[in-house]
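In: Return a 3D structure for these sequence lines:
(chains A and B)
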Protein chains: 2
Amino acid sequence: MLYVISGPSGCGKSTLIRRLLNEMKTTVRFSVSHTTRPRRSMELHGKDYYFVSEEEFQSMIRSNAFLEWAVVHGLHYGTSREEVESKLGQGDLLLDLDVQGARQVRAKCPQAVFVFVVPSHPKELRRRLELRGSNTPESIRERLAAARNEVEAYEEFDYIVVNDFLEKAAQEIRSIIVCGKCRRESRADEMSSILNSYRLGADS
Amino acid sequence: MLYVISGPSGCGKSTLIRRLLNEMKTTVRFSVSHTTRPRRSMELHGKDYYFVSEEEFQSMIRSNAFLEWAVVHGLHYGTSREEVESKLGQGDLLLDLDVQGARQVRAKCPQAVFVFVVPSHPKELRRRLELRGSNTPESIRERLAAARNEVEAYEEFDYIVVNDFLEKAAQEIRSIIVCGKCRRESRADEMSSILNSYRLGADS
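Out: Below is the predicted model of the structure:
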């Protein structure tokens, strides 16, 4: 199952995903995106992003290597098909995407689960963007203006996670994933072996 | 939102529900069924069941007081309309029903969420039925034979919870409920006020 976690810049989706990956190590994987944006101090190449040059990114676009890509606040972000195809066989896969990227994945994989993360007030968004340190006042203004439009896109998503308290928001995303595992369709194989044991009876 | 928790006799659904009610006190309620079955030692009238006579039950059937009712292993069980209507306004409502009862509720409330609870092997079912003490060897045989048919009904359910480990099964049902709260449609009111705050901006 593919889970697309999306929301405005500063909504906290990357922090939430890092936490979930830590808690659900054995069952959940992360799709590492390619980006042309500079690496932040805490980030690792190949873990948080594949940090590539503008030229490399353009060449990947030309060779149709991306499942989705978008220009966000002047920088390129993309999910390579190879990344998704190789990791999807290993369990649930989380994609951290902006609203444009989520839209592209929805067009190609409508069976994926789409989660929109949003703090209940834009003040909280501004606070987080300021905390990052790497944003200029103009870039913060720009992101807040974009957020206003992005929030209107919430109707395109299956689930809404209001991220005012990290622990509660993390529990909600975790519940969406655990609930996905309980869907009848997800348990088809397990149920066919359970049916068998009931047909054989309690003495088998 | 209405959650119907169902499964064969001895699957552990009542234990799971008791645990959830304890953990999610403020948001989840329990629909107390009427029954003609004798009270077990740990059970309380009005909390676990409304224990009524055969005559009282028949009179409720005649006055169309039940949303669903069924004869299970020779005893009557039913959910009164009044019980559901009065509690549904107060939050999520859990119904503990056998497979026949679940079917009747599905016909009347198709928007409810249907969860099937089942241990992966009938041996575990037998172990739990024996533990109860109140079951005769014949009644255990009868329940195990019924379980074989009931398990075949799993395809009518939205979610499957394999109850081999109480803690894991409880976490799964909890996740199904939390996930239900995150559905876009469940958050319509909250999102309309969030949209408003983003339209006003971070300085509002």
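In: tell me the SS of the residue of chain A positioned farthest from its centre?
Out: Centroid-distance maximum for chain A: residue A:203 at 46.6 Å, with Cα atoms, centre = their mean. With DSSP: H, G, I helix; E, B strand; the rest coil as the basis, residue A:203 sits in coil.
In: Tell me how far it lies from residue B:150.
Out: Distance of residue A:203 to residue B:150, computed by Cβ to Cβ, to the nearest Å: 18 Å. Using the backbone N, CA and C atoms, a C-beta is placed for each residue, glycine as well.
In: what does residue A:192 give?
Out: With distances taken as Cβ to Cβ, residue A:192 is found 16 Å from residue B:150.
In: cool, and residue A:60?
Out: With distances taken as Cβ to Cβ, residue A:60 is found 53 Å from residue B:150.
In: now residue A:32
Out: Residue A:32 is 45 Å from residue B:150, by Cβ to Cβ.
In: now residue A:72
Out: In terms of Cβ to Cβ, residue A:72 sits 52 Å off from residue B:150.
In: cool, residue A:65 as well?
Out: As judged by Cβ to Cβ, residue A:65 and residue B:150 stand 50 Å apart.
In: Who has more neighbours out of the two?
Out: The neighbour comparison of residue A:65 against residue B:150 (other Cβ atoms under 10 Å in any protein chain shown) goes to residue B:150, with 22 against 17.
In: Residue B:99 is in contact with the more buried one, correct?
Out: Yes: in this structure, residue B:150 is within contact of residue B:99 by Cβ atoms under 8 Å, at 4.6 Å.
In: Touching both of the two, which residues are there?
Out: Residues touching both residue B:150 and residue B:99 by Cβ atoms under 8 Å, 6 or more residues apart in numbering or on different chains: B:7-8.
In: Show me where chain A has its strands.
Out: A:2-6, A:28-31, A:33-35, A:49-51, A:66-72, A:75-80, A:92-97, A:113-118, A:159-162 (DSSP state E).
In: can I get those strands in JSON lines with mean neighbour count and distance to residue B:10?
Out: Output for the strands of chain A, formatted as JSON lines (neighbours: other Cβ atoms under 10 Å in any protein chain shown; distance: least, Cβ to Cβ, whole Å):
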{"stretch": "strand A:2-6", "mean neighbour count": "24", "distance to residue B:10": "35"}
{"stretch": "strand A:28-31", "mean neighbour count": "20", "distance to residue B:10": "33"}
{"stretch": "strand A:33-35", "mean neighbour count": "21", "distance to residue B:10": "48"}
{"stretch": "strand A:49-51", "mean neighbour count": "18", "distance to residue B:10": "51"}
{"stretch": "strand A:66-72", "mean neighbour count": "20", "distance to residue B:10": "47"}
{"stretch": "strand A:75-80", "mean neighbour count": "21", "distance to residue B:10": "47"}
{"stretch": "strand A:92-97", "mean neighbour count": "23", "distance to residue B:10": "32"}
{"stretch": "strand A:113-118", "mean neighbour count": "25", "distance to residue B:10": "33"}
{"stretch": "strand A:159-162", "mean neighbour count": "23", "distance to residue B:10": "34"}
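In: who wins for proximity to residue B:85 among the ones you listed?
Out: Ranking the strands of chain A by proximity to residue B:85 (Cβ to Cβ) places strand A:159-162 first, at 28.0 Å.
In: That closest one vs chain B: in contact?
Out: Yes: against chain B, strand A:159-162 shows contacts by Cβ under 8 Å from any Cβ of the partner chain at A:159-162.
In: give me every residue that touches the nearest residue to residue A:43 once chain neighbours are set aside.
Out: For residue A:43, ignoring the flanking residues on the chain, the nearest one in space by Cβ to Cβ, 6 or more residues apart in numbering or on different chains is residue A:49 at 6.5 Å. If a contact means Cβ under 8 Å, 6+ apart, then residue A:49 has A:32-35, A:37, A:39, A:43 as its contacts.
In: swap in residue A:114?
Out: Residue A:114 is in contact with A:4, A:6, A:102, A:106, A:156-159, counting by Cβ under 8 Å, 6+ apart.
In: same question, residue A:120
Out: A:162, A:164, B:190, B:193-194, B:197.
In: try it again with 7 Å
Out: Counting by Cβ atoms under 7 Å, 6 or more residues apart in numbering or on different chains, residue A:120 touches A:162, A:164, B:194, B:197.
In: cool, and residue A:87?
Out: With contact set as Cβ under 7 Å, 6+ apart, residue A:87 has these partners: A:29, A:31, A:93.
In: any idea of the pLDDT on the closest residue to residue A:163 other than its chain neighbours?
Out: Leaving aside its chain neighbours, residue A:163 sits nearest to residue A:169 (4.1 Å; criterion: Cβ to Cβ, 6+ apart). Residue A:169 carries a pLDDT value of 97.
In: Let me know how buried residue A:169 is, in neighbour terms.
Out: So residue A:169, with other Cβ under 10 Å, has 23 neighbours.
In: and what of the one 5 residues further on?
Out: Using other Cβ under 10 Å as the criterion, residue A:174 is surrounded by 20 other residues.
In: Same list, the contacts of residue A:49, but as CSV with pLDDT please.
Out: Compiled in CSV, the contacts of residue A:49 are given as follows (pLDDT from 0 to 100):
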residue, pLDDT
A:32, 96
A:33, 96
A:34, 97
A:35, 97
A:37, 93
A:39, 93
A:43, 90
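In: nearest to residue A:79, of the residues you listed?
Out: The closest of the contacts of residue A:49 to residue A:79 turns out to be residue A:33 (Cβ to Cβ; 5.5 Å).
In: What's opposite the closest one in the beta bridge?
Out: Bridge pairing for residue A:33 (DSSP bridges) gives the partners residue A:49.
In: got the contact list for it?
Out: A:49, A:77-79, A:96.
In: Spatially, which two of those are the most separated?
Out: Between any two of the contacts of residue A:33 (Cβ to Cβ), the greatest distance is 12.1 Å, for A:78 and A:96.
In: Kind regards, and thank you for your time.
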